[in-house]
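Visitor: Next one to model:
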Amino acid sequence: PELQVRLKDGAATLGIDARQIADQLRAAFFGTEVSEVQRGSESYEIDVRLAANNRDSLADFDDFTISQSDGSQVPLSAIADISSGRGFARVNRVNGQRTVTVQGDVDVTVANANEILRDTQARLFPELKQRYPGVTISLQGQNKEAQTTQRSMLSGFILGLIGVYLLLSFQFRSYVEPLVVMIIIPFALIGAIAGHILLGLDFTMPSMLGFVALAGVVVNDSILLVNFIKHYHGDTQSVAEAAPLASKARFRAILLTSLTTIVGLMPLLSETSLQAQILVPLVASLAFGLMATTMLVLFLVPAIYAIVDDFGLARLD
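Guide: Alright, predicted model coming up:
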């Protein structure tokens, strides 16, 4: 708690400024050095300040006077407004610049942190910069860390896709068929989002990590289907006939493989402990994304492969 002193509008006409008042208040209540006396090998500083009984209560401010340059006295209350308030306990600096940290608890029933930040950037920041041109605004803390993680995750995701494509291109000896296998990856996002909506979860950073991890899992079923289409093509007249046979032949294997993975994730998905809550969005992306792609892969991949064959781009040998 502190007393805050602000100059009144008419104070400038008397030739009194804020520094003059601050210096006299500091000298009166904290003291100011006026001389130094040397006695033998010892030196003594002489401080001048108000007597103890004149600076032991807040009422002393009512009787305090300011000395003008001509020696006349002006009551402090006549040239300044004195109010009670709270000041900064300390001034924090980052890279030599003064900083202010704004903290608050988020009511998740109304909005999440990202929505609040977007609204603040859209409405508050432009007005704040217009009122105070010298203010520099930057988002730090968890928001900055989240942006760093997003960039790292995106670059890792792209590198992972390139690695999967190269491996499949060596396996199939084709540049087009790996794309048919990987076409199922974007559709995994449908299941991940649907799962979050069903469970009432926000799509957060762990959710994206789950989707990135899912990209390497869902291609397994696609690889099986493409291989079986190649296998059945020798016994049929066309890929259009071989594709549904491959889906029928691998239906049980694909379904059982996916179901065992989904069932294995269910205990963690239903976990209510606080320690596991950060993993629930990640597991939701994996479980529901895999659930959606299990059904889509049986129809989508054979259809896409048949279309590729119609253009003469499939390698069936």
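Visitor: Helices of this protein, start to end?
Guide: Ranges of helices in the chain, per DSSP state H, are 18-29, 76-79, 113-119, 125-131, 141-172, 177-182, 185-199, 205-233, 239-269, 280-310.
Visitor: Quick one, which of the ones you listed gets closest to residue 95.
Guide: With distances scored as Cβ to Cβ, the stretch of the helices of the chain nearest to residue 95 is helix 141-172 (14.2 Å). Using the backbone N, CA and C atoms, a C-beta is placed for each residue, glycine as well.
Visitor: what is the orientation angle of the closest one with helix 185-199?
Guide: Relative orientation of helix 141-172 versus helix 185-199 (axes from the mean of the first three to the mean of the last three Cα atoms, to 10 degrees): 140 degrees.
Visitor: quick one: helix 141-172 to chain centroid distance?
Guide: 19 Å (Cα atoms, centre = their mean, to the nearest Å).
Visitor: relative to helix 205-233, how tilted is it?
Guide: Going by the same axes, to 10 degrees, helix 141-172 makes 10 degrees with helix 205-233.
Visitor: Now tabulate the helices of the chain in a markdown table and tack on distance to residue 8.
Guide: Shown next, in a markdown table, are these (distance: least, Cβ to Cβ, whole Å):
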| stretch | distance to residue 8 |
| --- | --- |
| helix 18-29 | 11 |
| helix 76-79 | 6 |
| helix 113-119 | 38 |
| helix 125-131 | 23 |
| helix 141-172 | 40 |
| helix 177-182 | 73 |
| helix 185-199 | 59 |
| helix 205-233 | 53 |
| helix 239-269 | 66 |
| helix 280-310 | 57 |
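Visitor: looking at those, which is closest to residue 59?
Guide: Closest approach to residue 59 among the helices of the chain is made by helix 76-79 (11.6 Å; Cβ to Cβ).
Visitor: What are the contacting residues of that closest one?
Guide: The contact list for helix 76-79 (Cβ atoms under 8 Å, 6 or more residues apart in numbering) reads 5, 7-8, 10-11, 14, 16, 21, 61-62, 64-66, 82.
Visitor: follow-up on the earlier one: nearest to residue 94, of the helices of the chain?
Guide: The nearest among the helices of the chain, by Cβ to Cβ, is helix 141-172 at 11.5 Å.
Visitor: Buried residues in the closest one, which are they?
Guide: Residues of helix 141-172 classed as buried by neighbour count (16 or more other Cβ atoms under 10 Å): 157, 161, 164, 168, 172.
Visitor: for stretch 193-200, same thing?
Guide: For stretch 193-200, a neighbour-count test (16+ other Cβ under 10 Å) marks 193, 195, 196 as buried.
Visitor: Now do residue 94 against residue 101, distance only.
Guide: Look at residue 94 and residue 101: by Cβ to Cβ, to the nearest Å, they are 10 Å apart.
Visitor: what does residue 180 give?
Guide: Residue 180 is 52 Å from residue 101, where distance means Cβ to Cβ.
Visitor: more crowded one of these two?
Guide: Comparing residue 180 with residue 101 by neighbour count (other Cβ atoms under 10 Å), the higher total belongs to residue 180, at 27 against 8.
Visitor: Convert stretch 280-288 to PDB, retaining C-alpha atoms only.
Guide: Extracted in PDB, the C-alpha atoms of stretch 280-288 (Å, rounded to 0.1, in the frame of the first residue of the first chain):
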ATOM      1  CA  VAL A 280      -6.900 -38.500 -22.800                       C
ATOM      2  CA  PRO A 281      -7.000 -36.200 -25.900                       C
ATOM      3  CA  LEU A 282      -4.000 -38.000 -27.400                       C
ATOM      4  CA  VAL A 283      -5.700 -41.400 -26.900                       C
ATOM      5  CA  ALA A 284      -9.000 -40.000 -28.200                       C
ATOM      6  CA  SER A 285      -7.300 -39.100 -31.500                       C
ATOM      7  CA  LEU A 286      -5.700 -42.500 -31.800                       C
ATOM      8  CA  ALA A 287      -8.700 -44.600 -30.900                       C
ATOM      9  CA  PHE A 288     -11.400 -42.700 -32.800                       C
END
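Visitor: What is the distance between it and the centre of its chain?
Guide: 20 Å.
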